[in-house]
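Asks: whatever this is, show me its structure:
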Amino acid sequence: MKKTLIPHACWAIAVLAAFGLGSKNSGPSAAATSDEAAASGKSRLSSRSSDTGPEGLSSRREKRSSDNSERSALGRLFGAIAGADGNLDTLFTQALRDPNPITRRLAFSKLLEAMTPENAASMREQLVALGAEPDQWRDFHYAWGALDGKAAFESAANSQEQDLAITMSGWAAANPADALAMLDNLPESMQGQRDELTASVVAGLADNNRAMATDLVLRLGQEGNARAGNLMEIVANETLRAEGPEAASRWSESLPDGPLKSTAMGRVAEAYARKDPEAAARWASGLAGESYAARAIEQIGGRWAQSNPVAAVGWLESLPAGNGQTAGLRNAFGDWEDRDPVAAGEYLKAMPQSPQRDSSISGFATGYAWQNPQVAIAWAQEINDPALRESSLTRAGQAFYQRDPTNAITWLENSGLSDEARQQVLQPRR
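Replies: Take a look at the predicted model:
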């Protein structure tokens, strides 16, 4: 037993001696090396922990969440839109073939962003081949006209598709001087399209410079252009869209007095009254004595009567006598009889004999004739003004004749209408 323990003891003593000798020889540098190794191990451990531990997993989730947030909510719902760089075939397929309308719209927007003067013609060929939708066709040519007007115009002038008018609008919006120069120097073969292209130029100008569009329409009106009124409505519509009815009302007031001002104010008044009839009425009240405001008053009266006929008629009666009041009352009662003929009739009965009452009855009788022509005729007979009475009876008689020719002819024989009026009842002019 003792012999067996002696070797083990010797080995233990040797190991202890070697450890003590090593500790003395290692010194500070050895300790530093040991510390560095420990630190390195900790660093590697920390790195692995950051990748695999709870904090590391959270970091990666946040990164994925950030990547997803860069895609729109619609993109996450319907799929990513192809990139606009490089080959556009995938983008074209999405824009024109994808079953989802939102995807098509988003992809087509990217296509427009990728358009250049160099690739526009080839993009158009693909739109034709793939069958672009009408709104895509319109937006593409508007954009091409804005980007490279002359080339787009030449392409549209020689194409079989309907693209010339919208191309001119885009050209006029981006480069009005060149578009106007082309309009002034149209080829002989395109002279028949002048009116259409003039409207396109006005629309394009109104998209970007309404003052220039207004000046152009006023100049055309002075030159006697028969469509100047329609062109002014284009500018009015864009002013309403961009600035709202209140600002548009100020714009229309700033126009020179005359028919074009009347047209603009009438269009603005109709939109203004649809949004806020009381505010529209306050605006028009200060202009009621002016001839150019007649159409605006008529529009406001008719539109307001759809929601509050008593208030609308009361406002019209408060205005100075004139064409605006007359037309407004006809318009208001023409709508009121359709919504509540009993209430409209009671209001008429309470009105004193006056030109205003005559106008109101005329509007009521003309509208109500298509519901009950005999009652309408009875009302029209109460009009004091001979000319207005005959015209109102004639319109009511036309409705009567279309609904009940036999009884209408019997009535006509004793109507007291002139021969000309009788002829109009039996053969109304289209």
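Asks: you'd agree Leu388 is up against Ser362?
Replies: Yes. Using Cβ atoms under 8 Å, Leu388 is in contact with Ser362, at 5.6 Å. (Each C-beta comes from the backbone N, C-alpha and C, glycine too.)
Asks: who's in contact with Ser418?
Replies: Applying Cβ atoms under 8 Å, 6 or more residues apart in numbering to Ser418 gives the contacts Glu390.
Asks: where does it fall, phi/psi-wise?
Replies: Dihedral pair for Ser418: phi -70, psi 160, per degrees, to the nearest 10.
Asks: Arg250: how many residues sit nearby?
Replies: Here the number of neighbours of Arg250 (other Cβ atoms under 10 Å) works out to 12.
Asks: please apply the same query to Leu240.
Replies: Residues lying near Leu240 (other Cβ under 10 Å) number 21.
Asks: so where does it fall, helix or strand?
Replies: helix 228-253 (DSSP states H and E).
Asks: which positions in the helix or strand just after that helix come out as buried?
Replies: Next helix or strand after helix 228-253 toward the C-terminus (DSSP H and E): helix 259-275. Neighbour-count burial for helix 259-275 flags 260-274 (criterion: 16 or more other Cβ atoms under 10 Å).
Asks: same deal with stretch 208-224?
Replies: So for stretch 208-224, counting by 16+ other Cβ under 10 Å, buried means 210, 212-214, 216-218, 220-221.
Asks: what does it rub up against?
Replies: Against stretch 208-224 from outside (Cβ under 8 Å, 6+ apart): 173-174, 176, 180, 198, 201-202, 205-206, 227-229, 231-232, 234-235, 238-239, 242, 251, 255-256, 258-260.
Asks: go with 7 Å
Replies: 173, 176, 202, 205-206, 228, 231-232, 235, 238-239, 256, 260 (Cβ atoms under 7 Å, 6 or more residues apart in numbering).
Asks: distance from the chain centre to that stretch, please.
Replies: 23 Å (Cα atoms, centre = their mean, to the nearest Å).
Asks: local confidence estimate at the closest residue to Ala294 other than its chain neighbours?
Replies: Among residues not flanking Ala294 along the chain, Gly324 sits closest, at 3.7 Å (Cβ to Cβ, 6 or more residues apart in numbering). On pLDDT, Gly324 comes in at 91.
Asks: so how far is Thr198 from the residue nearest the centre of the chain?
Replies: Closest to where the C-alpha atoms of the chain average out (Cα atoms, centre = their mean) is Arg241, at 7.0 Å. Distance, Arg241 to Thr198, by Cβ to Cβ, to the nearest Å: 21 Å.
Asks: on that earlier part again, let's have the buried residues of stretch 208-224 in a markdown table, adding pLDDT and distance to Gln162.
Replies: Compiled in a markdown table, the buried residues of stretch 208-224 are given as follows (pLDDT from 0 to 100; distance: Cβ to Cβ, whole Å):
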| residue | pLDDT | distance to Gln162 |
| --- | --- | --- |
| Arg210 | 95 | 26 |
| Met212 | 96 | 26 |
| Ala213 | 97 | 23 |
| Thr214 | 97 | 28 |
| Leu216 | 97 | 24 |
| Val217 | 98 | 24 |
| Leu218 | 98 | 29 |
| Leu220 | 97 | 24 |
| Gly221 | 97 | 28 |
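Asks: now the residues you listed in a markdown table, with distance to Leu329 and secondary structure?
Replies: Output for those, formatted as a markdown table (distance: Cβ to Cβ, whole Å; DSSP: H, G, I helix; E, B strand; the rest coil):
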| residue | distance to Leu329 | secondary structure |
| --- | --- | --- |
| Arg210 | 34 | helix |
| Met212 | 39 | helix |
| Ala213 | 34 | helix |
| Thr214 | 32 | helix |
| Leu216 | 36 | helix |
| Val217 | 31 | helix |
| Leu218 | 32 | helix |
| Leu220 | 34 | helix |
| Gly221 | 29 | helix |
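Asks: for those residues, which one is nearest Thr366?
Replies: Gly221 (31.3 Å; Cβ to Cβ).
Asks: off-centre distance for the helix or strand hosting Gly334?
Replies: Using DSSP H and E, Gly334 falls within helix 323-339. Distance, stretch centre to chain centre, for helix 323-339: 30 Å (Cα atoms, centre = their mean).
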